[in-house]
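Asker: Need coordinates for the below:
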Amino acid sequence: MMKKSSINRIRNIGIIAHIDAGKTTVTERVLYYTGRSHKIGEVHNGEAVMDWMPDEQERGITITSAVTTCLWKDCEIHIIDTPGHVDFTIEVERSLRVLDGAIGIFCAVGGVEPQSETVWRQADKYLVPKIAFINKLDRIGADFFGAVKMMKEKLNANPLIMQLPIGIEENFVGIIDLIKMKQTIWDDDTLGDTYSTEDISSEYIDKANEYREKLIETAAEVDDEIMEAYLSESPITDESLLNAIRKATINLNLVPVFCGSALKNKGIQPLLDAIIRFLPSPVDIPPIKGSHPDTGEPIECPAKDTEPLAALIFKVSMIEGRKLSYVRIYSGKMEAGHDVYNPFRKKKEKLSRILRMHANKKERIEKAGAGSIVGVIGLKESSTGETLCSIDHPVLLEKIEFYEPVISVAIEPKTHADQEKFDHVLNKFLAEDPTLRLREDEDTGQKILSGMGELHLEVIISRMQREFHTNVNVGKPQVVYRETIATESEASSVFDKEIAGHHLFGEVKLKLRPLARGKGNKFRSEISPETIPEVFIHAIEKGVMESLENGALMGYPVMDIEAIVTGGSCKESLASELAYTVCASMACKEALLNGKPFLLDPIMSVEVFVPESFMGDVIGDLNSRGGKIESIEPKTGLQSIKAKIPLAQMFGYSTSLRSATQGRATFSMQFFRFDRI
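Answerer: Numbers count the residues shown, from 1 in each chain. Model (predicted):
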């Protein structure tokens, strides 16, 4: 049983990185050294604690963000191990939304890889303070300083080297601490539990002094006290240096950089010390701001147990048929058995149980206070991104942004027995994952499931069969397109009908104008209130926006269009909102047809890492898929090819890339934008 930590001794941190940089391996070491697990689980053996789903163990990747709690030097650390694969970006996005700090893990060979950039930018978006850990220093081709240089170039970060590696590749044995000016060597015969700290050996002392000087110079640039002491050549104490670095890290001015090899159990204990020393507690960051659900006035939610409750559901999971909601408590406290209020749905909910999470294992607790991340059972209607608060002090926290899916498959149950479970199981997945969409095709009556990528949908279908024993037939993946128009067009429509004994009338003239890619849909009116009263303009906007959800060409959503009301008429006694909504919708449909509609493809940013000898074949293949090659850069032992390619041409690419390069090339792909090919 863990004792309750005071709020300033809590750390809510996430581990973020590219696929295969070693996030889960680092987390397994952290759990072992903090006493949470008694043996180290390895990803390649399918035994990692945090990768508990069968699909994760089989594929050797993280799919869902797992939450766990551990203790280190009297601090309670809540860790979220996030996926690195781009198909599961939403898991990273919603985790970063509720975290106070993050550890960016970089492979010493690959440096800053494409998905590391994506997750780093997501962390920047939520203003999350970060420290960095350069992992895999024992691997052939490892380059510690090269990885730090890439952090500057690709992430616009201001890295502060806190440690130097002793040896590299197979000779990597330990690290030099540039604050204490000591070296730590790990014993290879144990699981990293035993290590010795000693004076820096003579061969490394000059380099250590050089980088200690650079560390002080960098700290002086962001801290006035250190700058004064540095310029006046006064002695700078380790404590004042640590405090300055902590402050600069929390203010997003610096990223302290640490190093090691998680697989060889080196460098993890100093990383744990760094989490506590440099990453913020819930009270070190500005209080989260919400708004009153009725008046919209801003409300601050300070991290104190004595304040009214403000908590955010950042994830919903269906475990053994029960709904488990993951909640970050920003202020106030929750108690099992008590009621909470959901201002978005205007509903009261009961907290049946509160759980402290350890991956898929749970420990019941009676209450949880500000700064905690807990699991809650008993919430019937509340879902991801919604707020929980007290009924007397309602507050609405900002919702989490979700991504639009880009790929679809048709699915249907295989047998009559599967038919009975089919809808129920799909609804569970839709509740869990906000990036999934389900619709019924009007022409075929098939269920169409849309997601973020081939792997995303593959995993969902595999889980349907594994966890819920529901077998399905799956159609070929289909691309989710968008529509827009090529030219300006106009149309008008009159609605003059009798409905339920009431004569209704409305007339609207619309002009549709194409906008630049990525501008979204806009609406404005150019008519005076004498033509159509102001009160009906909102009804016209509703009709237009609804009709833009289904394009004139193939029924895909329409984007990048400005709709302008240019005319119309009103008969005072017969005018109604319904008449203008229907009328605007009909005019919009006609204008879309007149505007030479065309399809927009989802275009993907693709990066392929390929050995030099296979370059020609890979570039030829990308060109044949309609790819536009943007750059080719040398990486350690490989070439990195960046290209923009329509998603429709990328189905089955991983198989053809493997066969063309004897399995030696890898690629990553993420959505760039919708555009005309």
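Asker: Could you use CA atoms for every contact and neighbour count after this?
Answerer: Will do.
Asker: what does stretch 568-585 contact?
Answerer: Identification of contacts with stretch 568-585 by C-alpha atoms under 8 Å, 6 or more residues apart in numbering yields 492-496, 503-510, 531-533, 536, 539-544, 546-547.
Asker: Sort out which residues of that stretch are buried, please.
Answerer: Neighbour-count burial for stretch 568-585 flags 568-570, 575-585 (criterion: 16 or more other C-alpha atoms under 10 Å).
Asker: could you list every residue that touches the closest residue to Asp238 other than its chain neighbours?
Answerer: Spatial nearest neighbour of Asp238, excluding adjacent residues (C-alpha to C-alpha, 6 or more residues apart in numbering): Ile179 at 6.3 Å. For Ile179, the residues meeting the contact criterion (C-alpha under 8 Å, 6+ apart) are Met162, Arg212, Asp238, Leu242.
Asker: Name the helix or strand for Ala563, please.
Answerer: When secondary structure is defined by DSSP states H and E, Ala563 falls within strand 561-569.
Asker: Are we agreed that Ile551 is in a helix?
Answerer: For the record, residue 551 is Gly, not Ile. No - with DSSP: H, G, I helix; E, B strand; the rest coil as the criterion, Gly551 is located in coil rather than a helix.
Asker: Offset the numbering so it begins at 434, please.
Answerer: With the count now opening at 434, the last piece we talked about shows up as Gly984.
Asker: gap between it and Gly884?
Answerer: Using C-alpha to C-alpha, to the nearest Å, we find Gly984 at a distance of 21 Å from Gly884.
Asker: more neighbours, those two?
Answerer: Set side by side, Gly984 and Gly884 show more neighbours around Gly884, with 26 against 23, by other C-alpha atoms under 10 Å.
Asker: Could you list the buried residues of stretch 965-973?
Answerer: Judged by neighbour count using 16+ other C-alpha under 10 Å, the buried positions of stretch 965-973 are Ile965, Phe969, Ile970, Ala972, Ile973.
Asker: which other residues reach it?
Answerer: The contact list for stretch 965-973, computed with C-alpha under 8 Å, 6+ apart, reads Ser958, Gly1001, Ser1002, Cys1003, Ser1009, Glu1010, Leu1011, Tyr1013, Thr1014, Cys1016, Ala1017, Ser1018.
Asker: ok, of these, which one's closest to Val760?
Answerer: Lowest distance from Val760 to the contacts of stretch 965-973 (C-alpha to C-alpha) belongs to Thr1014, with 39.9 Å.
Asker: Give me the pLDDT for that closest one.
Answerer: Model confidence at Thr1014, expressed as pLDDT, equals 92.
Asker: does the residue nearest to it when sequence neighbours are not counted belong to a helix or a strand, and which?
Answerer: The shortest distance from Thr1014 to any non-neighbouring residue, by C-alpha to C-alpha, 6+ apart, is to Gly976 (4.3 Å). Applying DSSP H and E as the criterion places Gly976 in helix 970-980.
Asker: Now tabulate the buried residues of stretch 1001-1018 in TSV and tack on distance to Glu740 and secondary structure.
Answerer: Output for those, formatted as TSV (distance: C-alpha to C-alpha, whole Å; DSSP: H, G, I helix; E, B strand; the rest coil):
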residue	distance to Glu740	secondary structure
Gly1001	54	strand
Ser1002	55	strand
Cys1003	53	coil
Ala1008	50	strand
Ser1009	47	coil
Glu1010	44	helix
Leu1011	46	helix
Ala1012	49	helix
Tyr1013	48	helix
Thr1014	45	helix
Val1015	48	helix
Cys1016	51	helix
Ala1017	48	helix
Ser1018	48	helix
